[in-house]
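**Student:** pasting the structure only:
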């Protein structure tokens, strides 16, 4: 992975940690309202699958190691293994999924970006609610009520904000050479450009 992609991944890991400090506890649920999901969405939309997931993985590993980067300055492995740890794992899976979807369409507009980020949110909710139910011994409907329902309106607002921002930021970052252009699949797989056409405009066959 190029150095500039690693640097951007480190920047987004720090941004997610910063946004996680915006945390509002809810009296009826162990899952707080936080700002980190906005950073997750931006990482997925701007960095792509690998670099975006790397940024989130770095954030999660730092927190699991004890760095105070989780919500409200918390850290430690207990949070990763506790009721809300599935959301952290869901962040990684969701970022990779959304990033890969957007890599297929690097010029995605607002609608397509929002759809990819909705896949990220779905993966986060799935893994988060599953661990919430398992750790607390909740029924699936109860886990959905505590782990998704109170957060969905605000999370959708973050999703739309991130989609709009990322469409604009993607153009700026590409213009300044901070994001790598997505290569066609043939070139990405082979590491080389297709052979030029031969006489008569036909491509040479395999040798």
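**Tutor:** Happy to help now that I have it. Here the structure is a predicted model, which means the values were calculated and not measured. Residues are numbered from 1 along each chain as shown.

**Student:** return the helix or strand in this structure with minimum mean pLDDT.
**Tutor:** Comparing helices and strands within the chain by mean pLDDT, DSSP states H and E singles out helix 185-190 as the least confident, with a mean of 40.

**Student:** so who does residue 88 touch?
**Tutor:** For residue 88, the contacting residues are 60, 63, 70, 79, 80, by CB atoms under 8 Å, 6 or more residues apart in numbering. Just so you know, the C-beta spots here come from the backbone N, C-alpha and C atoms, and that holds for glycine as well.

**Student:** equivalent analysis for residue 116, please.
**Tutor:** Shown in contact with residue 116 (CB under 8 Å, 6+ apart): 44, 45, 97, 98, 99, 101, 102, 108.

**Student:** now it: which helix or strand?
**Tutor:** helix 110-136 (DSSP states H and E).

**Student:** that helix: what's the following helix or strand?
**Tutor:** For helix 110-136, the succeeding helix or strand toward the C-terminus, using DSSP H and E, is helix 140-147.

**Student:** and the helix or strand following that next one, what does it pack onto?
**Tutor:** Proceeding N to C from helix 140-147, the next assigned helix or strand is helix 152-175, under DSSP H and E. Other helices and strands packing on helix 152-175, by 3 or more CB pairs under 8 Å, 6 or more residues apart in numbering; DSSP states H and E, are helix 36-64, helix 110-136.

**Student:** deepest in the core, which of those helices is it.
**Tutor:** Per-stretch averages of neighbours, counted by mean count of other CB atoms under 10 Å, single out helix 36-64 among the helices and strands packed on helix 152-175, with a mean of 24.

**Student:** just the pLDDT for residue 176.
**Tutor:** Reading off the confidence values, residue 176 has pLDDT 70.

**Student:** that one: neighbour count?
**Tutor:** Neighbours of residue 176 under the rule other CB atoms under 10 Å: 8.

**Student:** distance of it from residue 57?
**Tutor:** Applying CB to CB, to the nearest Å, one obtains 26 Å for the distance of residue 176 from residue 57.
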